[in-house]
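Student: any chance you can model this:
(one chain, ligands or ions: 3)
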Amino acid sequence: MTVQNPQKYHIVTFGCQMNKADSERMAGVLEDMGYHSTEESEEADLILYNTCSIRDNAEQKVYSYLGRQAKRKRDNPNLTLVVAGCVAQQEGEALLRRVPELDLVMGPQHVNRLGHLLEQVFNGNQVAATEEAYIEEDITTPRRNSSVAAWVNIIYGCNENCTYCIVPSVRGREQSRTPESIRQEIEKLAAQGYKEITLLGQNIDAYGRDLPAGGIGAGVGGKITFTDLLYYVHDIEGIDRIRYATSHPRYFSSRLIKACAELPKICEHFHIPFQSGDNDILKAMARGYTHERYRRIIEDIREIMPDAAITADAIVAFPGETEEQFERTVQLVNDIGFDLVNTAAYSPRPGTPAAVWDDQLSETVKSDRLQRLNHVVNQNAAERSQRYAGRIEEIMIEGTNHKNPLQIMGRTRTNRIAFTENTTGQSLAELIGKTISIKITEVRPFSLTGVIC
Ligand code: SAH
Ligand code: SF4
Ligand code: F3S
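Tutor: Ligands and ions are numbered 1, 2, ... in the order given. The predicted structure follows:
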């Protein structure tokens with residue numbers, strides 16, 4: 001289906017990289033239909049919110065946006081309002097009842113079907129598409145936000161049962177894409193000039209478990225693993241850097257460390273959430289590992305790649321967490337010395353086991369612990385940044401420094417943002433996607449400044 005008159009769409013994306021990747025695919029579908037993108041929601045004919053439900057505040061943000069647009073729709077019935085993503089999946093038809101101005105509510109498994117769903121909307125229906133679905137191979141070309149770095153989904157969904165987490169119920173069971181289709185997508189990206197890819201999965205180490213044994217890339221008679229996949233896609237010409245997220249400590253393998261050390265395009269960055277430094281809390285979270293196992297993983301990585309960046313996620317004030325248990329999380333952060341930790345206070349999510357436990361902690365305890373942990377995280381990041389002082393680093397140029405347009409911006413292989421004056425004599429357009437060496441002259445906790453060597 002194509003739209004007749006010039007029509008504009010506006011997408012707002014909340015949440016994680018999965019949602020960002022999904023938004024790019026949905027933008028691709030809309031552009032195939034003849035829509036043009038606009039930065040101004042006020043001039044859009046179709047507004048799509050791609051929502052996140054990981055914590056209550058993420059969910060509430062969507063309702064405040066929706067309220068405004070619903071009001072606008074009452075004056076302009078031609079406006080099409082779509083809610084996609086994890087809140088859409090969680091709420092389903094209830095969302096249509098809560099905001100009757102909505103035209104379409106669609107879960108993450110329906111992203112590639114946006115065109116068909118809109119067709120039903122334009123035939124006069126209010127549509128909710130949230131049934132569990134097999135994710136079709138990409139039928140459209142995503143409209144990507146960057147011309148250098150691209151996301152590539154390799155596994156959808158999550159089969160874990162972390163007791164705090166909404167993701168399995170909104171993203172469904174694991175579905176691995178075939179190695180052939182992943183490789184094809186990366187080859188296409190390389191042909192379009194992309195230089196960096198990030199392979200995505202909620203639990204990337206689960207890749208391949210649901211595929212049949214004996215396929216391409218797998219060991220003899222076995223099933224392909226994530227590590228096998230890295231070897232299988234590594235040689236694609238034109239791609240200079242390969243990243244991936246997210247690793248799960250329960251399934252993390254030493255073969256993966258070896259592959260990362262061996263394969264030159266794989267960046268020296270490990271994102272491995274630990275969630276808590278206390279074994280009883282980890283057990284209550286149903287994470288399936290101990291803090292000792294987590295520490296061993298990091299030791300193993302550092303033995304082979306001492307300079308690798310290590311980042312993680314952590315939750316404070318999980319139900320029943322005592323002060324001592326919280327301090328074990330602080331201790332773990334201090335012992336490891338992370339480059340970055342994404343921290344969050346526990347937020348009860350509908351339908352998850354921990355949400356109904358009776359030992360919930362108060363908002364005061366939550367914000368106090370969050371603040372204390374953040375302080376330690378920032379200290380660690382500042383210390384870890386020091387190792388870059390005076391060093392020569394390769395950065396891949398992505399754009400300009402928003403705060404100082406005279407500087408260009410790129411990232412180190414370890415994912416630190418770095419700025420430098422452009423003394424190359426080349427324009428930004430010429431430099432984008434190129435890797436240059438800079439000598440680091442200034443370090444801050446989460447970014448660096450340098451001069452081109
Ligand atoms: N699949 C990844 C993380 C997905 S969600 C993993 O297993 O690590 C991203 C992060 O959000 C999680 O790592 C966790 O730290 C946080 N998170 C998830 N559910 C949460 C909740 N109910 N309250 C607070 N933080 C939560
Ligand atoms: Fe959520 Fe756990 Fe799955 Fe991560 S592994 S998405 S935290 S259930
Ligand atoms: Fe949020 Fe859904 Fe991602 S809940 S963190 S957008 S998987």
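Student: any idea which helix or strand carries Thr311?
Tutor: strand 309-316 (DSSP states H and E).
Student: quick check: end-to-end length of stretch 73-81?
Tutor: Stretch 73-81 stretches 8 Å from its first residue to its last (C-alpha to C-alpha, to the nearest Å).
Student: would the strand holding Thr311 count as contacting ligand 1?
Tutor: Yes. Counting by C-beta under 6 Å from any ligand atom, ligand 1 has neighbours in strand 309-316: 313, 315. Heads up, the C-betas are built off the backbone N, CA and C, glycines and all.
Student: buried sites along the next helix or strand after that strand?
Tutor: Moving toward the C-terminus from strand 309-316, the next helix or strand (DSSP H and E) is helix 323-336. Within helix 323-336, the residues that count as buried by 16 or more other C-beta atoms under 10 Å are 325-326, 328-330, 332-333, 336.
Student: let's have the residues you listed in CSV, adding distance to ligand 3 and pLDDT.
Tutor: Output for the buried residues of helix 323-336, formatted as CSV (distance: C-beta to the nearest ligand atom, whole Å; pLDDT from 0 to 100):
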residue, distance to ligand 3, pLDDT
Gln325, 25, 98
Phe326, 23, 98
Arg328, 25, 98
Thr329, 21, 98
Val330, 24, 98
Leu332, 23, 98
Val333, 22, 98
Ile336, 23, 98
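Student: list the contacts for Glu237?
Tutor: Neighbouring residues of Glu237 by C-beta atoms under 8 Å, 6 or more residues apart in numbering: Ala190.
Student: what about it, distance to Leu199?
Tutor: 18 Å (C-beta to C-beta, to the nearest Å).
Student: now do Asn112
Tutor: Per C-beta to C-beta, Asn112 is found 19 Å from Leu199.
Student: closest to Cys158 out of the buried residues of helix 323-336?
Tutor: Thr329 (22.7 Å; C-beta to C-beta).
Student: what sits up against the least confident helix or strand in the chain by mean pLDDT?
Tutor: Least confident helix or strand of the chain, by mean pLDDT, DSSP states H and E, is helix 56-75 with a mean of 90. By C-beta under 8 Å, 6+ apart, the surrounding residues in contact with helix 56-75 are 12, 14-15, 41-42, 47, 49, 51-53, 79, 81, 83, 87, 90, 99, 101-102, 347-349.
Student: among those residues, which are in reach of ligand 1?
Tutor: 347, 349.
Student: can you flag the buried ones in the contacts of helix 56-75?
Tutor: So, of the contacts of helix 56-75, 14-15, 41, 47, 49, 51-53, 79, 81, 83, 87, 90, 99, 101-102, 347, 349 end up buried under the neighbour-count rule (16+ other C-beta under 10 Å).
Student: among these, which are within reach of ligand 3?
Tutor: Filtered for proximity to ligand 3 (C-beta under 6 Å from any ligand atom), these shrink to 15, 52-53.
Student: centre of the chain to stretch 261-270, how far?
Tutor: 19 Å (C-alpha atoms, centre = their mean, to the nearest Å).
Student: what comes up buried for that stretch?
Tutor: Buried residues in stretch 261-270 (16+ other C-beta under 10 Å): 265-270.
Student: cool, and stretch 55-66?
Tutor: So for stretch 55-66, counting by 16+ other C-beta under 10 Å, buried means 55, 58-59, 61-62, 65-66.
Student: correct me if wrong: Asn374 contacts Thr343.
Tutor: Yes. Contact criterion C-beta atoms under 8 Å: Asn374 and Thr343 qualify, at 5.7 Å.
Student: now do the contacts for the residue of the stretch 351-453 of the chain found nearest ligand 3.
Tutor: Residue of the stretch 351-453 of the chain nearest ligand 3, by C-beta to the nearest ligand atom: Thr352 (11.7 Å). If you count contacts by C-beta under 8 Å, 6+ apart, Thr352 has them with 163-166, 169.
Student: can we see that at 10 Å?
Tutor: 161-169 (C-beta atoms under 10 Å, 6 or more residues apart in numbering).
Student: near ligand 1 too, which of the residues you listed?
Tutor: Answer for those near ligand 1 (C-beta under 6 Å from any ligand atom): 164-165, 167.
Student: gap between the two ends of stretch 237-257?
Tutor: Note: stretch 237-257 ends 23 Å apart using C-alpha to C-alpha.
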